[in-house]
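Novice: structure for this input, please:
(2 chains)
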Amino acid sequence: MKTDMIRRFISENCSADDYLFRISETDSHETRFAQNGITQHLAGPKVSIDLTVTFGKKSGTASVNQADEASLKQLIATAEDIARLAPEDPEYMPSTPGAELPEVHNCADSTMNLKPEEMVAIVQKSIDKAKALGATVSGMCEKHISSSFEIAKNGFWGEDKRSTFGHSMTLKLGEVETKVSYEAKDFAPFKLDHEFDRLASQAEALADMHSFDPQKIAVILRPAALQELLWYMFWMMNRRQSDEGFTPFTDQLGKSFFGEKFSLFSTLKNPQIISPSFTSEGLPTAEYSWVENGVLKNMPTDRYWASKQSADPISPYNMYIPGGDATEEEMMKMVPRGLIINRFWYIRPVDMKRGELTGMTRDGVLYFEDGKIKHAVNNLRFNEIPHEMTRRILALGAEELASPYGIVPTTLIDDFNFVDKTSF
Amino acid sequence: MKYLDLAMNAAESLGAEYADIRIQKTTDQVIYLRNLSLKSAKTIVVDGYGIRVFKDGAWGFAHSNIYSDEALLATVQKAFDIAKLSATVNKDKKLRLAPERSYIASYKTPIQIDPFEIPLSEKVDMMMEVNRTMLAFEGIRQAMFYLIQHKDEKLFASTLGTRLDINYQFIDPMITATAVADGDSQSRTFDEGGRAVGWEWIQSLDLIEKAKQIAEEALIKVKADTLGPEKRRSLILDPNHLGLTMHESVGHPTELDRVLGWEADFAGLSFATPEKLKNYRYGSEIVNFVGDNTLAEGLATLGFDDDGVPGQKWHIIKDGILNEYGSTRDTAMEIGLNYSRGCNRATYYYDQPINRIPNLYLLPGTKPLTPAELIADTEDGVYIQGRGSFSIDQHRVNFQFGGDFFWEIKNGKLFRPLKKVLYKSCNPEFWNSCDAICDERFWRPFGVVNCGKGQPSQTARMTHGSAPARFRNIRVGGSQ
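Specialist: Next up, the predicted model:
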């Protein structure tokens, strides 16, 4: 894309007192397969040019996806028209000045160089392996290469490039359904044989299904399950929402509010996860400690609220939860009985003030007793409060890549609150 | 437009068995006001074209935002190449397309006043007044107004000879008041979920009165009692609540792509499998669900879907029995149907269309029945208005729903307001427990503008509707 031309054009033609614009482009190739055949297959670039302008304290934003001069003129005119008609915003913050950004590497050559033919070969091999088991497989093989620029009148200039590769597979073998998913910035470590062996092994473990009633019981949450739950908690940790009384974190900053085995960070230091060098507010990213050994150290805070509270404006950009050294086998011996959860599904808030969530298990639940897996059980519904749940952490396993934005450990938690069950 | 013919001629000369092009310009204006601060006033234009090619039993889809002969022909070639690549995998599993005729037609959402013609200052002034009205109530800590105005200008052509010109619009206002008291925080929302209408709808709503009502109800709610332990009770659900319940427990399970397992890896499967057609008791005898992409003001009423199939009206549940699915040209043939119900829709030009829920509604009761009579006839129950927390399993069997405002019913009367009410049920128990539906005078639509589905994820829109209805013997209680 003609980034320099767009930057020059907006700088030269925008008459507003202040502006911030973002140019982003993502080139994607996505092969979707289901029941051993390809059902969707798509490719192409998506472009977005977003411009926010301000006159005094009156702001307006416009967005287009084409970069010719006529479209850019229209972009500027629309944003300026909106700003002129808008009321003054008492919470307006001027754009940010230039800043030194941390050095990050979010683009992997192996992902950039991956060809559509290779992706289809991965899909073909996944299907062949499923057929050999007498099963069907459904999933998605996808590659995305993104670049974005954020530029402000007051001097901020940031550039971000990233790659992601994903290959997910849901196997249906008889009545058993289970899933594995590889999603990372780097295609190179992906090994289909390893992923499929993991999938087949999960399916085998789930073959003997018993009915199980909802109850409070110890659970071993595998990384994908724990991460899904904690992103919702992260979202509720917003500083302003808490200060204004809407969430359970009101008046808890600096206090021991979580379990002491629990810590939560955003980090630039782990090369496995994506770490942007700047935030959407035009600020450099840094190492952020949100929870340390149970103490709530920081909360996501936007620039306006930070200025009101004399706090630093910070926002989460990835999730890093340090693990421990317990294996699943050791965890199973720490409690008399429990469940191993692969994933959750359809998590939704039930009560914002208490931080309560609901959701279902998905893709396989295993029952263990006396340190050994006994059989699979039906899926269950939970109503649970994640920050309270961290106080019931009994053990942490080794941390693992759960998504391009998260590294979390397998975790043993006591008395997880299941409230209903389903028929499969 | 010359690009339509250029693309279709190029696809045919490459050897496509079928191809279509959708040139689509989407314009959204989103205004978001929170506590008198204009957090967003934004106009977004997404303009480009998507080309689908069907070859040897497989799809290829490519898209571009560049309007030139060269870019268009390269995009056709890319779609064709991708289709051929897909076909190498689909040798034993070729897709087939249900027969369809060609159409030359246009469709325009009937509106009286174009929301995009209303000056922004007029809209923001009105929104500020609504915000001020809510904040004037002591105890209201947060007032929000979220307004979406949307239009799609689409040109569609296919190698069948179809040429369509579609202009679609909808508008969606949502107002929320949040009260904080006694260590709790509770919200009440006015949200009818959007309609395919113009600004005249906003003018008719009297949003200042609505703002007063929801502010008062948020204050009642934050001080309301909780229900206590879960037990089996009657539920009376108003249309504004029931819209989401039917969306999740009837709409999604009867999408044919889900039934076929095409969503197995993401959105999930369906318990309503094809052997159940025409014999499975999904609901009680009074339960009739209609798919209707001709519904006036319906969010899925566009004249034609993105397969070039016209909008239709059909029974999905008839007298309580699973009757038919919502289908597309490529899913229909998988169960031996030789026609599509026209449910293939894409969100933006760069999305490949997928099987979506149509406008889907519960027919009203055939005997005269008012909500007041329904409440008077209920001994022990809860009346739920509006939507709240919702979650359902990936086969669409087990679900748990909250709501936005609750009244306990005792001995035929609204006894006390409640908060934090949840009910748990499953298919087919829930719809079989429906024993009364108010008559057509009380039927109301409810729009869904953010139905997420698919990989890559897309957001579709559709309208549901019902009259207030009663469900017996449902597990209802307070949250944890």
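
Novice: measure the residue lying closest to B:R34 once chain neighbours are set aside to B:I23 for me?
Specialist: Closest residue to B:R34 apart from its sequence neighbours, by Cβ to Cβ, 6 or more residues apart in numbering or on different chains: B:M144 at 5.1 Å. The way it works is simple: take the backbone N, C-alpha and C, and place the C-beta from them, glycine included. B:M144 sits 36 Å away from B:I23 when distances are taken as Cβ to Cβ, to the nearest Å.

Novice: about what we covered before: how close does the residue nearest to B:R34 get to chain A?
Specialist: As judged by Cβ to the nearest Cβ, to the nearest Å, B:M144 and chain A stand 12 Å apart.

Novice: next up, the contacts around that residue.
Specialist: Residues in contact with B:M144 (Cβ atoms under 8 Å, 6 or more residues apart in numbering or on different chains) are B:Y32, B:L33, B:R34, B:N35, B:N131, B:M174, B:I175, B:T176, B:A177, B:T178.

Novice: pipe these into JSON lines and attach pLDDT and secondary structure per row.
Specialist: Formatted as JSON lines, these follow (pLDDT from 0 to 100; DSSP: H, G, I helix; E, B strand; the rest coil):
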{"residue": "B:Y32", "pLDDT": "97", "secondary structure": "strand"}
{"residue": "B:L33", "pLDDT": "96", "secondary structure": "strand"}
{"residue": "B:R34", "pLDDT": "95", "secondary structure": "strand"}
{"residue": "B:N35", "pLDDT": "95", "secondary structure": "coil"}
{"residue": "B:N131", "pLDDT": "97", "secondary structure": "helix"}
{"residue": "B:M174", "pLDDT": "98", "secondary structure": "strand"}
{"residue": "B:I175", "pLDDT": "98", "secondary structure": "strand"}
{"residue": "B:T176", "pLDDT": "98", "secondary structure": "strand"}
{"residue": "B:A177", "pLDDT": "98", "secondary structure": "strand"}
{"residue": "B:T178", "pLDDT": "98", "secondary structure": "strand"}
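
Novice: chain center to the longest strand seen in chain A, what's the gap?
Specialist: Identified as the longest strand of chain A according to DSSP state E is strand A:37-55. Here strand A:37-55 shows a centroid-to-chain-centroid distance of 19 Å under the convention Cα atoms, centre = their mean, to the nearest Å.

Novice: that strand near chain B at all?
Specialist: Yes - against chain B, strand A:37-55 shows contacts by Cβ under 8 Å from any Cβ of the partner chain at A:G37, A:I38, A:T39, A:Q40, A:H41, A:L42, A:A43, A:G44, A:P45, A:K46, A:V47.

Novice: any idea how many residues pack against the second one?
Specialist: The local packing count at A:I38 equals 28, with neighbours defined by other Cβ atoms under 10 Å in any protein chain shown.

Novice: so it makes contact with B:G60?
Specialist: No - at 9.6 Å, A:I38 and B:G60 do not qualify as touching, with contact defined as Cβ atoms under 8 Å.

Novice: next, the angle from the strand or helix carrying A:A62 to strand A:37-55.
Specialist: In the assignment (DSSP states H and E), A:A62 maps to strand A:58-64. Orientation of strand A:58-64 against strand A:37-55 (axes from the mean of the first three to the mean of the last three Cα atoms, to 10 degrees) gives an angle of 150 degrees.

Novice: list the neighbouring strands of strand A:58-64 plus their orientation.
Specialist: strand A:37-55 (antiparallel), strand B:37-55 (parallel) (DSSP bridges).

Novice: of these, which approaches A:R222 most closely?
Specialist: Closest approach to A:R222 among the strands paired with strand A:58-64 (Cβ to Cβ): strand A:37-55, 28.0 Å.

Novice: quick revisit: okay, and the residue nearest to B:R34 sits in which element?
Specialist: B:M144 belongs to strand B:140-158, assigned by DSSP H and E.

Novice: same thing with B:S340?
Specialist: Per DSSP H and E, there is no helix or strand for B:S340.

Novice: for the stretch 201-350 of chain B, what spans make up the strands?
Specialist: For the stretch 201-350 of chain B, applying DSSP state E, counting those that start in this stretch gives strands covering B:225-226, B:231-237, B:289-292, B:313-318, B:321-322, B:344-345.

Novice: nearest to B:R416, out of those?
Specialist: Closest among the strands of the stretch 201-350 of chain B, using Cβ to Cβ: strand B:225-226, at 6.2 Å.

Novice: do that closest one and chain A meet?
Specialist: No - applying Cβ under 8 Å from any Cβ, one finds strand B:225-226 separated from chain A by no less than 10.2 Å.

Novice: and that strand, what's its mean pLDDT?
Specialist: In this model, strand B:225-226 has a mean pLDDT of 96.

Novice: strand partners (parallel or antiparallel) of that strand?
Specialist: Under the rule (DSSP bridges), strand B:225-226 has strand B:413-419 (parallel) as partners.

Novice: contacts for the partner strand, please.
Specialist: With Cβ under 8 Å, 6+ apart as the criterion, strand B:413-419 contacts B:184, B:186, B:220-222, B:224-227, B:375-376, B:382-383, B:405-409, B:478.

Novice: which among the residues of strand A:37-55 next to chain B end up buried?
Specialist: Among the residues of strand A:37-55 next to chain B, those scoring as buried are A:G37, A:I38, A:T39, A:Q40, A:H41, A:L42, A:A43, A:G44, A:P45, A:K46, A:V47 (criterion: 16 or more other Cβ atoms under 10 Å in any protein chain shown).

Novice: make CSV out of these and add distance to A:T410 and pLDDT.
Specialist: Below are these laid out as CSV (distance: Cβ to Cβ, whole Å; pLDDT from 0 to 100):
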residue, distance to A:T410, pLDDT
A:G37, 34, 97
A:I38, 33, 98
A:T39, 33, 97
A:Q40, 33, 97
A:H41, 35, 97
A:L42, 35, 97
A:A43, 36, 97
A:G44, 38, 96
A:P45, 38, 96
A:K46, 35, 96
A:V47, 40, 96
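
Novice: just put these in a markdown table and tack on distance to B:K78.
Specialist: Listed next are those as a markdown table, based on distance: Cβ to Cβ, whole Å:
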| residue | distance to B:K78 |
| --- | --- |
| A:G37 | 21 |
| A:I38 | 16 |
| A:T39 | 18 |
| A:Q40 | 15 |
| A:H41 | 11 |
| A:L42 | 10 |
| A:A43 | 6 |
| A:G44 | 8 |
| A:P45 | 11 |
| A:K46 | 15 |
| A:V47 | 16 |
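
Novice: of all pairs in these, which one is the farthest apart?
Specialist: Across those, no pair lies farther apart than A:G37 and A:V47, at 31.4 Å, counting by Cβ to Cβ.

Novice: follow-up on the earlier one: a markdown table please, covering the strands paired with strand A:58-64 and showing distance to B:R396.
Specialist: What follows is those, written out as a markdown table (distance: least, Cβ to Cβ, whole Å):
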| stretch | distance to B:R396 |
| --- | --- |
| strand A:37-55 | 20 |
| strand B:37-55 | 28 |
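
Novice: need the contact list for residue 220.
Specialist: Since no chain was named, I'll use chain A. A:I220 neighbours (Cβ under 8 Å, 6+ apart): A:E328, A:M331, A:M332, A:G338, A:L339, A:I340, A:I341, A:F368, A:T410, A:T411, A:L412, A:I413.

Novice: the chain in question should be chain B.
Specialist: Contacts of B:I220 by Cβ under 8 Å, 6+ apart are B:P417.

Novice: can you check the pLDDT for B:Q480?
Specialist: With respect to pLDDT, B:Q480 has a value of 57.

Novice: show me chain B divided up by domain.
Specialist: B:2-223, B:226-478 (automatic domain parsing).

Novice: determine which stretch of these is the most buried.
Specialist: domain B:226-478 (a mean of 21; mean count of other Cβ atoms under 10 Å in any protein chain shown).

Novice: endpoint to endpoint, that domain covers what distance?
Specialist: Distance across domain B:226-478, first residue to last, is 6 Å (Cα to Cα, to the nearest Å).

Novice: the chain: helices as residue ranges?
Specialist: Chain wasn't specified; assuming chain A. Counting by DSSP state H, residue ranges of the helices within chain A are A:3-13, A:69-85, A:109-112, A:116-132, A:192-205, A:223-236, A:239-243, A:303-309, A:328-334, A:386-389.

Novice: can you look at chain B instead?
Specialist: Along chain B, the segments classed as helices by DSSP H run B:2-14, B:69-89, B:120-135, B:199-204, B:207-222, B:239-246, B:256-259, B:329-332, B:371-376, B:429-432.
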